[in-house]
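Colleague: Just need the structure, nothing else, for what follows:
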Amino acid sequence: MPSAVVAACLYIAVSVLQGRRAAHRSDASALPLYSLAVVALVLHGYAAFSGMQTPEGVNFELLHVMSLIFWLINITLLASLSWRPLQNLMVILFPLSAVAALAAAFNHKTTLVSGHLSGGMLIHIGVSVLAYAVLTIAACQAATIAYQDRQLHRRQTRGLVTLLPPLQLMETMLFEIVWVGLALLTLAIGTGLVFIEDMFAQHLVHKTVLSLSAWSLFATLLWGRHFLGWRSQVAARFTLGGFAVLMLAYAGSKFVLETLLSNG
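Modeller: Coordinates of the predicted model:
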């Protein structure tokens, strides 16, 4: 619990400092800021994994899984900073990560413990969580693009818009993230077909249909980008729509986790 509290405090501090840095267009080195973010990630990761360990097995209760998802989101975000300027997303994602870390730390439910998961099922769950993490970043990017495009069309170029990279670069980054997310989602669905006995059984058809629907939306978006030149608002709508469907499939309710794990 102490590690989660310290991680949450560091997340908030980094978010505030990055917000100020962006607002003042500071040219100072961001290394100290990123160092704090790495420390927060280490502490969050320790809290997330230790909180999921029980004598009976791994605790996959929803709040613990959400904390793990945000941890993976932040790792993906920091790793991407080496080639894309996504640092301002920390202002949005880090406070949410702080809430997720604290919620998991103070949650003592163990209703979804399973000590009998096969290696294949663990691979499926891990890839699914990673796909959700990457596509969460895509959704945040899409929401930012929608706002940026709307403000530019209204010729309102003050405030947050001035802190963002050019719209064309923002769109390029969005499609790069969606490509990675779709690849991971494809792998998640593929491992589900291999390691889950019947993905279209009555208790899993909800998850399967929604996952395939989300996959279709993201695939259609990439097809439209390549052949029809879709941009800005269209790209944002497809990305947010696909993410909303995916959220229903993976985190909309405990139903998915309960049935996935209790039948693993």
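Colleague: List the residues that contact residue 231.
Modeller: Applying Cβ atoms under 8 Å, 6 or more residues apart in numbering to residue 231 gives the contacts 171, 225. Quick note: C-beta positions are derived from backbone N, CA and C, even for glycine.
Colleague: Please report the distance of it from residue 237.
Modeller: Distance, residue 231 to residue 237, using Cβ to Cβ, to the nearest Å: 11 Å.
Colleague: longest single helix anywhere in this structure?
Modeller: Across the chain, the longest stretch assigned as helix under DSSP state H is helix 119-153.
Colleague: State the next helix or strand along the chain beyond it.
Modeller: Downstream of helix 119-153, the next assigned helix or strand under DSSP states H and E is helix 167-195.
Colleague: rewinding a little: mind listing what's buried along the longest helix of the chain?
Modeller: For helix 119-153, the neighbour count (16 or more other Cβ atoms under 10 Å) marks 121, 123-125, 127-142, 144-146, 148-149, 151 as buried.
Colleague: for it, the distance to its chain's centre please.
Modeller: Between the centre of helix 119-153 and the centre of its chain there are 5 Å (Cα atoms, centre = their mean, to the nearest Å).
Colleague: Would you mind pulling up the elements that that helix packs against?
Modeller: For helix 119-153, the elements it packs on are helix 62-80, helix 90-105, helix 167-195, helix 232-250, judged by 3 or more Cβ pairs under 8 Å, 6 or more residues apart in numbering; DSSP states H and E.
Colleague: quick one, what contacts residue 220?
Modeller: residue 238.
Colleague: quick one: the helix or strand containing it to helix 232-250, angle?
Modeller: Here residue 220 sits within helix 205-228, counting by DSSP H and E. Relative orientation of helix 205-228 and helix 232-250, computed by axes from the mean of the first three to the mean of the last three Cα atoms, to 10 degrees: 160 degrees.
Colleague: switch to numbering from 7
Modeller: Got it, the first residue is 7 from now on, which makes the last one we talked about helix 211-234.
Colleague: Can I get helix 211-234 in CSV? Just the C-alpha atoms.
Modeller: C-alpha atoms of helix 211-234 as CSV (Å, rounded to 0.1, in the frame of the first residue of the first chain):
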residue,chain,number,x,y,z
VAL,A,211,-20.4,-14.7,-27.0
HIS,A,212,-20.8,-11.1,-25.5
LYS,A,213,-17.0,-10.6,-25.2
THR,A,214,-16.3,-12.3,-28.6
VAL,A,215,-18.8,-10.4,-30.6
LEU,A,216,-17.8,-7.0,-29.1
SER,A,217,-14.1,-7.8,-29.6
LEU,A,218,-14.6,-8.7,-33.2
SER,A,219,-16.7,-5.5,-33.7
ALA,A,220,-14.0,-3.4,-32.3
TRP,A,221,-11.4,-5.1,-34.5
SER,A,222,-13.6,-4.4,-37.5
LEU,A,223,-13.9,-0.7,-36.7
PHE,A,224,-10.1,-0.3,-36.3
ALA,A,225,-9.4,-2.3,-39.5
THR,A,226,-12.0,-0.2,-41.4
LEU,A,227,-10.3,2.9,-40.1
LEU,A,228,-6.9,1.8,-41.4
TRP,A,229,-8.4,0.7,-44.7
GLY,A,230,-10.1,4.1,-45.1
ARG,A,231,-6.9,5.9,-44.2
HIS,A,232,-4.9,4.0,-46.9
PHE,A,233,-7.5,4.0,-49.7
LEU,A,234,-9.7,7.0,-49.0
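Colleague: follow-up on the earlier one: between the helices and strands packed on helix 125-159, which one is closest to residue 17.
Modeller: Of all the helices and strands packed on helix 125-159, helix 96-111 sits nearest to residue 17, with 4.1 Å by Cβ to Cβ.
Colleague: Could you list the residues in contact with that closest one?
Modeller: 7, 10-11, 13-15, 17-18, 20-21, 24-25, 28, 43, 46, 50, 53-54, 57, 69-70, 72-73, 75-77, 79-80, 83, 143, 146.
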